[in-house]
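Chemist: Need a 3D model of the sequence below.
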Amino acid sequence: MDETKKTDPKDQMEDFEDIHIEDNETISEEKPIEETDMKLKQDKEEKKKVKKDKGSEELENLQVKYDELNDKYLRLFSEFDNFRKRTLKEKIELSKTASEDMITNLLPIIDDFERALQLMPQTEENAKQFEGTNLIYNKLSKTLQQKGLEEITALGETFDTDYHEAITNIPVTDESMKGKVVDVIQKGYNLNGKIIRFAKVVVGI
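Modeler: The predicted model follows:
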(Lines give C-alpha, C1' and ligand atoms only; values in the text may rest on other atoms or scores of the structure.)
Protein backbone atom coordinates (compact mmCIF):
# COMPACT_ATOMS: atom_id res chain seq x y z
CA MET A 1 0.00 0.00 0.00
CA ASP A 2 1.39 3.39 -1.11
CA GLU A 3 2.02 5.96 1.50
CA THR A 4 0.37 9.32 0.95
CA LYS A 5 2.67 12.33 1.48
CA LYS A 6 1.05 14.67 3.96
CA THR A 7 1.38 18.40 3.54
CA ASP A 8 2.19 20.39 6.56
CA PRO A 9 -0.47 23.10 7.15
CA LYS A 10 2.28 25.51 8.11
CA ASP A 11 3.93 25.07 4.75
CA GLN A 12 0.63 25.70 2.96
CA MET A 13 0.18 28.96 4.85
CA GLU A 14 3.64 30.13 3.86
CA ASP A 15 2.93 29.34 0.21
CA PHE A 16 -0.32 31.38 0.36
CA GLU A 17 1.48 34.36 1.84
CA ASP A 18 4.10 34.20 -0.90
CA ILE A 19 1.41 34.23 -3.59
CA HIS A 20 -0.38 37.12 -1.88
CA ILE A 21 2.82 39.11 -1.70
CA GLU A 22 3.53 38.49 -5.36
CA ASP A 23 0.03 39.66 -6.31
CA ASN A 24 0.48 42.86 -4.30
CA GLU A 25 3.78 43.51 -5.97
CA THR A 26 2.18 43.07 -9.39
CA ILE A 27 -0.60 45.53 -8.51
CA SER A 28 1.95 47.98 -7.17
CA GLU A 29 3.87 47.72 -10.39
CA GLU A 30 0.75 48.30 -12.54
CA LYS A 31 -0.55 51.28 -10.53
CA PRO A 32 2.10 53.81 -11.66
CA ILE A 33 1.29 52.99 -15.32
CA GLU A 34 -2.38 53.80 -14.81
CA GLU A 35 -1.52 57.06 -13.05
CA THR A 36 0.83 58.00 -15.89
CA ASP A 37 -1.91 57.37 -18.46
CA MET A 38 -4.34 59.54 -16.52
CA LYS A 39 -1.77 62.28 -16.23
CA LEU A 40 -1.10 62.16 -19.98
CA LYS A 41 -4.81 62.41 -20.68
CA GLN A 42 -5.12 65.38 -18.33
CA ASP A 43 -2.15 67.07 -20.00
CA LYS A 44 -3.68 66.52 -23.43
CA GLU A 45 -7.00 67.93 -22.26
CA GLU A 46 -5.30 70.96 -20.74
CA LYS A 47 -3.32 71.53 -23.94
CA LYS A 48 -6.52 71.25 -25.97
CA LYS A 49 -8.22 73.70 -23.64
CA VAL A 50 -5.33 76.16 -23.87
CA LYS A 51 -5.26 75.78 -27.64
CA LYS A 52 -9.01 76.28 -27.81
CA ASP A 53 -8.84 79.40 -25.63
CA LYS A 54 -6.04 80.76 -27.78
CA GLY A 55 -8.06 80.07 -30.94
CA SER A 56 -11.10 81.82 -29.46
CA GLU A 57 -8.99 84.84 -28.55
CA GLU A 58 -7.54 85.02 -32.07
CA LEU A 59 -11.06 84.72 -33.52
CA GLU A 60 -12.28 87.57 -31.32
CA ASN A 61 -9.33 89.73 -32.39
CA LEU A 62 -10.07 88.99 -36.04
CA GLN A 63 -13.73 89.87 -35.51
CA VAL A 64 -12.75 93.20 -33.94
CA LYS A 65 -10.43 93.98 -36.87
CA TYR A 66 -13.16 93.00 -39.32
CA ASP A 67 -15.68 95.28 -37.61
CA GLU A 68 -13.20 98.18 -37.69
CA LEU A 69 -12.42 97.69 -41.38
CA ASN A 70 -16.09 97.29 -42.22
CA ASP A 71 -16.93 100.51 -40.36
CA LYS A 72 -14.16 102.38 -42.20
CA TYR A 73 -15.41 101.00 -45.52
CA LEU A 74 -19.00 102.09 -44.83
CA ARG A 75 -17.87 105.57 -43.79
CA LEU A 76 -15.68 105.91 -46.88
CA PHE A 77 -18.47 104.68 -49.16
CA SER A 78 -20.91 107.13 -47.56
CA GLU A 79 -18.48 110.04 -47.98
CA PHE A 80 -17.82 109.11 -51.61
CA ASP A 81 -21.55 108.80 -52.32
CA ASN A 82 -22.18 112.24 -50.80
CA PHE A 83 -19.29 113.68 -52.83
CA ARG A 84 -20.69 112.12 -56.01
CA LYS A 85 -24.18 113.51 -55.38
CA ARG A 86 -22.81 116.95 -54.49
CA THR A 87 -20.64 117.02 -57.62
CA LEU A 88 -23.57 115.95 -59.80
CA LYS A 89 -25.77 118.64 -58.27
CA GLU A 90 -23.10 121.28 -58.86
CA LYS A 91 -22.72 120.18 -62.48
CA ILE A 92 -26.47 120.43 -63.04
CA GLU A 93 -26.60 123.88 -61.44
CA LEU A 94 -23.58 124.98 -63.44
CA SER A 95 -25.12 123.80 -66.69
CA LYS A 96 -28.29 125.69 -65.86
CA THR A 97 -26.58 128.96 -64.95
CA ALA A 98 -23.50 128.74 -67.19
CA SER A 99 -25.00 131.33 -69.56
CA GLU A 100 -26.30 133.57 -66.76
CA ASP A 101 -23.88 136.42 -67.43
CA MET A 102 -24.56 136.41 -71.16
CA ILE A 103 -28.34 136.32 -70.71
CA THR A 104 -28.19 139.06 -68.07
CA ASN A 105 -26.31 141.25 -70.54
CA LEU A 106 -29.00 140.59 -73.17
CA LEU A 107 -31.86 141.77 -70.94
CA PRO A 108 -31.32 145.49 -71.73
CA ILE A 109 -31.58 144.59 -75.43
CA ILE A 110 -34.91 142.90 -74.74
CA ASP A 111 -36.00 146.06 -72.92
CA ASP A 112 -34.99 148.20 -75.95
CA PHE A 113 -36.94 145.95 -78.31
CA GLU A 114 -40.07 146.24 -76.15
CA ARG A 115 -39.79 150.04 -75.89
CA ALA A 116 -39.19 150.30 -79.64
CA LEU A 117 -42.27 148.22 -80.42
CA GLN A 118 -44.38 150.30 -78.01
CA LEU A 119 -43.25 153.62 -79.52
CA MET A 120 -43.23 152.53 -83.14
CA PRO A 121 -46.43 153.74 -84.86
CA GLN A 122 -48.27 150.93 -86.62
CA THR A 123 -49.06 152.55 -89.96
CA GLU A 124 -49.07 151.20 -93.48
CA GLU A 125 -45.82 152.95 -94.20
CA ASN A 126 -43.81 151.26 -91.43
CA ALA A 127 -45.82 148.03 -91.23
CA LYS A 128 -42.93 145.99 -92.63
CA GLN A 129 -40.47 147.60 -90.24
CA PHE A 130 -42.71 146.84 -87.29
CA GLU A 131 -43.25 143.27 -88.43
CA GLY A 132 -39.50 142.71 -88.93
CA THR A 133 -38.62 144.21 -85.55
CA ASN A 134 -41.32 142.17 -83.84
CA LEU A 135 -40.08 139.01 -85.57
CA ILE A 136 -36.52 139.54 -84.33
CA TYR A 137 -37.79 140.28 -80.82
CA ASN A 138 -39.90 137.12 -80.73
CA LYS A 139 -37.02 134.95 -81.96
CA LEU A 140 -34.67 136.39 -79.36
CA SER A 141 -37.24 135.98 -76.58
CA LYS A 142 -38.01 132.40 -77.60
CA THR A 143 -34.33 131.49 -77.69
CA LEU A 144 -33.79 132.88 -74.21
CA GLN A 145 -36.89 131.09 -72.93
CA GLN A 146 -35.46 127.81 -74.20
CA LYS A 147 -32.41 128.50 -72.04
CA GLY A 148 -34.63 128.80 -68.96
CA LEU A 149 -35.40 132.54 -68.91
CA GLU A 150 -38.80 133.44 -67.46
CA GLU A 151 -40.47 136.79 -66.92
CA ILE A 152 -41.55 137.55 -63.34
CA THR A 153 -45.24 138.35 -63.11
CA ALA A 154 -45.65 141.69 -61.38
CA LEU A 155 -48.51 143.92 -62.58
CA GLY A 156 -51.54 143.54 -60.33
CA GLU A 157 -49.71 141.14 -57.98
CA THR A 158 -49.23 141.71 -54.27
CA PHE A 159 -45.87 143.35 -53.65
CA ASP A 160 -43.32 140.66 -52.77
CA THR A 161 -39.75 141.57 -51.88
CA ASP A 162 -38.61 138.14 -53.07
CA TYR A 163 -39.44 139.17 -56.65
CA HIS A 164 -40.12 142.90 -56.70
CA GLU A 165 -38.12 146.04 -56.06
CA ALA A 166 -40.26 149.08 -55.17
CA ILE A 167 -39.16 152.24 -56.94
CA THR A 168 -41.90 154.38 -55.44
CA ASN A 169 -45.34 154.29 -53.84
CA ILE A 170 -48.42 156.14 -55.08
CA PRO A 171 -51.85 156.64 -53.54
CA VAL A 172 -54.66 154.63 -55.13
CA THR A 173 -58.40 155.15 -54.96
CA ASP A 174 -59.15 151.46 -55.41
CA GLU A 175 -58.82 149.78 -52.00
CA SER A 176 -58.15 146.41 -53.65
CA MET A 177 -54.93 147.77 -55.23
CA LYS A 178 -53.36 148.89 -52.00
CA GLY A 179 -50.16 146.98 -51.37
CA LYS A 180 -50.16 145.74 -54.95
CA VAL A 181 -48.08 146.54 -58.01
CA VAL A 182 -49.82 149.23 -60.07
CA ASP A 183 -47.05 149.78 -62.62
CA VAL A 184 -43.89 148.02 -63.85
CA ILE A 185 -40.92 150.24 -64.61
CA GLN A 186 -38.61 147.41 -65.60
CA LYS A 187 -39.44 143.72 -66.02
CA GLY A 188 -37.85 141.14 -63.78
CA TYR A 189 -36.56 137.73 -64.84
CA ASN A 190 -35.47 134.44 -63.35
CA LEU A 191 -33.21 131.88 -64.97
CA ASN A 192 -34.00 128.24 -64.18
CA GLY A 193 -35.62 129.30 -60.93
CA LYS A 194 -32.88 131.76 -59.94
CA ILE A 195 -33.66 135.47 -59.82
CA ILE A 196 -31.25 137.32 -62.10
CA ARG A 197 -33.13 140.64 -62.09
CA PHE A 198 -35.84 141.91 -59.76
CA ALA A 199 -38.88 143.61 -61.25
CA LYS A 200 -38.77 147.34 -60.61
CA VAL A 201 -42.30 148.38 -59.74
CA VAL A 202 -44.60 151.06 -58.36
CA VAL A 203 -46.70 150.01 -55.37
CA GLY A 204 -50.14 151.39 -54.49
CA ILE A 205 -50.82 152.71 -51.00
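Chemist: in the chain, which spans are helices?
Modeler: Assigned by DSSP state H, the helices in the chain fall at 9-97, 100-119, 127-146.
Chemist: Confidence-wise, which of these is weakest overall?
Modeler: Lowest mean pLDDT within the helices of the chain: helix 9-97, a mean of 71.
Chemist: so what's residue 204 bridging to?
Modeler: residue 170 (DSSP bridges).
Chemist: So it sits against residue 173, correct?
Modeler: No - counting by CB atoms under 8 Å, residue 173 is not a contact partner of residue 204; they are 9.3 Å apart. All C-beta atoms are positioned from the backbone trio N, CA, C, and that covers glycine.
Chemist: Pick out whichever of the two has more residues nearby.
Modeler: Neighbours per residue (other CB atoms under 10 Å) separate residue 204 from residue 173, with residue 204 holding more: 19 against 7.
Chemist: From residue 160, how far off is that one?
Modeler: Using CB to CB, to the nearest Å, residue 204 is found at 14 Å from residue 160.
Chemist: again with residue 142
Modeler: Here residue 142 is placed at a distance of 27 Å from residue 160 (CB to CB).
Chemist: neighbour-wise, which of the two wins?
Modeler: Each of residue 142 and residue 160 has its neighbours counted (other CB under 10 Å); residue 160 has more, 13 against 10.
Chemist: Check the gap between that one and residue 68 for me.
Modeler: Per CB to CB, residue 160 is found 54 Å from residue 68.
Chemist: Please apply the same query to residue 78.
Modeler: Distance from residue 78 to residue 68, counting by CB to CB: 16 Å.
Chemist: can you check residue 183 too?
Modeler: 69 Å.
Chemist: With residue 184 instead?
Modeler: 64 Å.
Chemist: neighbour count winner among those two?
Modeler: The neighbour comparison of residue 184 against residue 68 (other CB under 10 Å) goes to residue 184, with 19 against 10.
Chemist: Go ahead and confirm that one touches residue 153.
Modeler: No - under the criterion of CB under 8 Å, residue 184 is not in contact with residue 153, lying 9.7 Å apart.
Chemist: so what sits against both of the two?
Modeler: Shared contacts of residue 184 and residue 153, defined by CB atoms under 8 Å, 6 or more residues apart in numbering, are absent.
Chemist: Just the pLDDT for residue 165.
Modeler: pLDDT, residue 165: 95.
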